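1. quick one: sequence plus predicted model below, questions after.
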Amino acid sequence: MRKISWSDLFKHRNEIHHRYPDIWHLKILRKRFPLMLQNLRDGARVLDVGASNRDLEGRLKKYYPNLIYRSMDIDQTQFHDYYRFEDIQERYDVVFLFEVIEHLPLEEGLEMVEKIYALLKEGGRLLLTTPNIFNPGRYWRDATHRQAYCYDELGGILMAQGFSIKEMYRTYSDAFHRYLFRVYVMAPLHRYLGIDFAKSILIVAIKGEEKQR
């Protein structure tokens with residue numbers, strides 16, 4: 001693994017913090033699927049890391065029937081195209097990494113980010129989510145979680161590995177009336193207490209310069 005420069009990490013973390021001074025500056029994203037579609041095109045090559053039952057493939061192909069979908073997961077009780085990064089030879093336009101990195105110790109998480117960077121084409125995109133540590137119950141309810149990430153720290157890690165950060169969001173999906181109540185009524189109290197209701201952080205990162213799509 002390429003050794004990370006901690007001074008670079010702190011520099012990039014400060015850049016993220018300058019762009020988003022605190023967690024409340026990240027916009028709320030109610031549904032991530034439309035954002036996923038915006039970052040795809042028909043015929044794109046997609047790698048879904050931590051793909052579970054691969055149900056994302058069918059959902060995506062309703063909109064992009066010529067999309068090339070590959071899955072990777074360590075769970076060998078279900079079919080996946082790959083069970084190890086080392087077996088992957090293809091290059092991809094988009095990689096999805098949803099609720100995975102927090103299950104790895106820090107060094108393994110850094111190594112995975114580096115491997116994903118190598119698998120992406122120039123201008124390729126990584127869409128990543130991880131539990132929002134400003135919502136403590138979201139992280140601690142799962143005993144398999146190994147590493148918590150603050151939004152600015154994770155953004156800094158991605159930048160230190162060569163990514164540029166396109167967008168960052170807080171994700172929160174609920175019944176419409178509860179969503180409105182949380183976002184427009186209870187938000188000031190959450191902010192005062194320093195405890196967020198948003199469940200995850202979503203980052204869209206780009207390898208190199210963004211290309212026209």
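-> Yep, it's here.
2. from memory Ile68 sits against Asp42, does it?
-> No: Ile68 lies out of contact with Asp42 (Cβ atoms under 8 Å); the separation is 10.2 Å. To be clear about C-beta, it is placed using only N, CA and C from the backbone, and glycine gets the same treatment.
3. the more surrounded of those two?
-> Taking other Cβ atoms under 10 Å, Ile68 and Asp42 do not tie; Ile68 has more neighbours (14 against 10).
4. who's in contact with the more buried one?
-> Ile68 is in contact with Gly43, Ala44, Arg45, Val46, counting by Cβ atoms under 8 Å, 6 or more residues apart in numbering.
5. for the third one, name its beta-bridge partners.
-> By that I understand Arg45. For Arg45, the beta-bridge partners are Ile68 (DSSP bridges).
6. surely it is in contact with Asp93?
-> Yes: in this structure, Arg45 is within contact of Asp93 by Cβ under 8 Å, at 5.1 Å.
7. the more surrounded of those two?
-> Remark: of Arg45 and Asp93, Asp93 carries more neighbours, 21 against 18, as counted by other Cβ under 10 Å.
8. tell me which residue lies nearest the centroid of this structure.
-> In the chain, the centroid-proximal residue (Cα atoms, centre = their mean) is Leu128; its distance is 0.9 Å.
9. now Tyr20: how far from Glu153?
-> For Tyr20, the distance to Glu153 equals 12 Å [Cβ to Cβ, to the nearest Å].
10. what do you get for Pro188?
-> According to Cβ to Cβ, Pro188 stands 26 Å off from Glu153.
11. closest to Asp87 among the contacts of Ile68?
-> Taking Cβ to Cβ as the measure, Asp87 lies nearest Arg45 of these, at 15.9 Å.
12. who are the contact partners of the residue sitting furthest away from the middle of the chain?
-> Within the chain, the residue lying farthest from the chain centre (Cα atoms, centre = their mean) is Val185, at 27.8 Å. Contact analysis of Val185 by Cβ under 8 Å, 6+ apart lists nothing.
13. wait, is it part of a helix?
-> Yes: applying DSSP: H, G, I helix; E, B strand; the rest coil, one finds Val185 inside a helix.
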